[in-house]
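Undergrad: what follows is a predicted structure for the sequence shown.
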Amino acid sequence: MPIKIDKKLPAVDILSSENIFVMDKQRAEHQDIRPLNILVLNLMPQKIVTEAQLLRLLANTPLQLNIDFLYMTTHQSKTTHAKHMETFYKTFEEVESHYFDGLIITGAPVENLAFEEVDYWTELCRVIEWSKSHVYSTLHICWGAQAGLYARYGIEKKPLAHKLSGVYSQKSPVEPNLLFRGFDDEFFAPHSRHTEVLKEDILRHTNLEILSSGPDVGLSILASRDLREVYSFGHLEYDRYTLSKEYFRDLQAGLNPNIPENYFANNDIKSKPGLCWNLAAALFFNNWINYAVYQETPFDWENPENDASYFAYL
């Protein structure tokens, strides 16, 4: 949690330069607190697995979060029972009139399709357009990040020569950024994708900041300066065994996959996979919730005309 001290105290500048979050007394006295409303659009095939992965990370924050799950009605899940979807998920029509502090759009195993060929593409575009006025900060993950960039900016994804699968090194931003407070200079994250977005396209067509990249993964994390848009091409939410399950699934399907890089000790697929991204994942999601959502979102989404912060947001 933030520490509260007088903003005139000389230590404030020192602590801020060290990425220690400080809240001055004036802001603290005028800060209303309420549960944050987070919507998760889960496009992954193994819905329950992804639910657990994301909730595990979101639960690390001391803030109270209300979580709703969203599904696309124009797509029928082949791996999750319909009863589960009906019980725990909402349709876009059910949430369309509501406001959310945060939205997470997950990846999806449809990278080899053109965006317009995805059966729920039109419905997804409606969600992304709606989020501009009904969500304060949206976190796009993997294919969800590529889809968001295409829907918002027309940026195409580019095929890779081989599937990028493994755990890779990425650099933290040289300049301080709230999403990376507390990060070391280097961190590791799983990646699992067939396509990428090119740096020159981001620089040419957007004002997004390139926050993180790596020699093997290329672009890793992008964000708008106000953190209302965050794009992560990796899978920090993955647990220890996710890449392993994907590898054996593809192996059984006869796809002849490469062994995930930097994952199994000595590339021994019978060994226990290593886990070296857990702390980075927890910190990244905490920072997103705290700095991109909690510190800035309007207090009264349902009646924004009563909330001065809403007009600053607009």
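TA: Sure thing, it's come through. Numbers count the residues shown, from 1 in each chain.
Undergrad: so what does Phe69 look like in phi/psi?
TA: phi -110, psi 140 (degrees, to the nearest 10).
Undergrad: now it. Nearest residue, chain neighbours left out?
TA: Nearest residue to Phe69, sequence neighbours excluded (Cβ to Cβ, 6 or more residues apart in numbering): Tyr89, at 4.6 Å. For every residue, glycine as well, the C-beta is placed using N, CA and C.
Undergrad: how near is the one you found to Thr80?
TA: Distance of Tyr89 to Thr80, given as Cβ to Cβ, to the nearest Å: 9 Å.
Undergrad: and what of Leu179?
TA: As judged by Cβ to Cβ, Leu179 and Thr80 stand 30 Å apart.
Undergrad: go on, Leu63?
TA: Distance, Leu63 to Thr80, by Cβ to Cβ: 28 Å.
Undergrad: so for Lys47, what's the pLDDT?
TA: If you check Lys47, the pLDDT there is 87.
Undergrad: re earlier: between Leu179 and Thr80, which has more neighbouring residues?
TA: Leu179 (25 against 21; other Cβ atoms under 10 Å).
Undergrad: state the number of residues packed around the closest residue to that one other than its chain neighbours.
TA: Spatial nearest neighbour of Leu179, excluding adjacent residues (Cβ to Cβ, 6+ apart): Asn287 at 5.0 Å. Asn287 is flanked by 23 other residues according to other Cβ under 10 Å.
Undergrad: can you list phi and psi of Asn287 for me?
TA: phi -60, psi -40.
Undergrad: repeat that for the one 3 residues further on.
TA: For Asn290, the backbone dihedrals (degrees, to the nearest 10) come out as phi -70, psi -50.
Undergrad: quick one: it from Val135, how far?
TA: 17 Å.
Undergrad: show me which of the two is the more surrounded one.
TA: Val135 (23 against 20).
Undergrad: could you give the bridge partners of that one?
TA: Phe100 (DSSP bridges).
Undergrad: same question, Ile210
TA: Beta-bridge pairing for Ile210 (DSSP bridges): Leu222.
Undergrad: tell me the contacts of it?
TA: For Ile210, the contacting residues are Lys199, Ile202, Leu203, Leu219, Leu222, by Cβ atoms under 8 Å, 6 or more residues apart in numbering.
Undergrad: now, which of the residues you listed sits nearest Phe115?
TA: Nearest to Phe115 among those is Ile202, at 17.1 Å by Cβ to Cβ.
Undergrad: which residues touch the closest one?
TA: Leu149, Ile155, Leu208, Ile210, Leu219, Leu222 are the contacts of Ile202 under Cβ under 8 Å, 6+ apart.
Undergrad: now Glu186. Nearest residue, chain neighbours left out?
TA: Among residues not flanking Glu186 along the chain, Ser169 sits closest, at 5.7 Å (Cβ to Cβ, 6+ apart).
Undergrad: so how far is Ile269 from the one you found?
TA: According to Cβ to Cβ, Ser169 stands 22 Å off from Ile269.
Undergrad: for beta bridges, what are the partners of Glu261?
TA: Under the criterion used here (DSSP bridges), Glu261 is bridged to Gly166.
Undergrad: just checking, it touches Tyr168?
TA: Yes - between Glu261 and Tyr168 there is a contact under Cβ atoms under 8 Å: 7.2 Å.
Undergrad: who touches both of the two?
TA: Residues touching both Glu261 and Tyr168 (Cβ under 8 Å, 6+ apart): Asp216.
Undergrad: looking at the two, which is more packed in?
TA: Tyr168 (22 against 15).
Undergrad: quick check: phi and psi on the residue nearest the centre of the chain?
TA: Centroid-nearest residue in the chain, with Cα atoms, centre = their mean: Leu139, separated by 3.7 Å. When read as degrees, to the nearest 10, the backbone of Leu139 gives phi -100, psi 110.
Undergrad: one step back: and the gap between the residue nearest to Leu179 and Lys158?
TA: As judged by Cβ to Cβ, Asn287 and Lys158 stand 29 Å apart.
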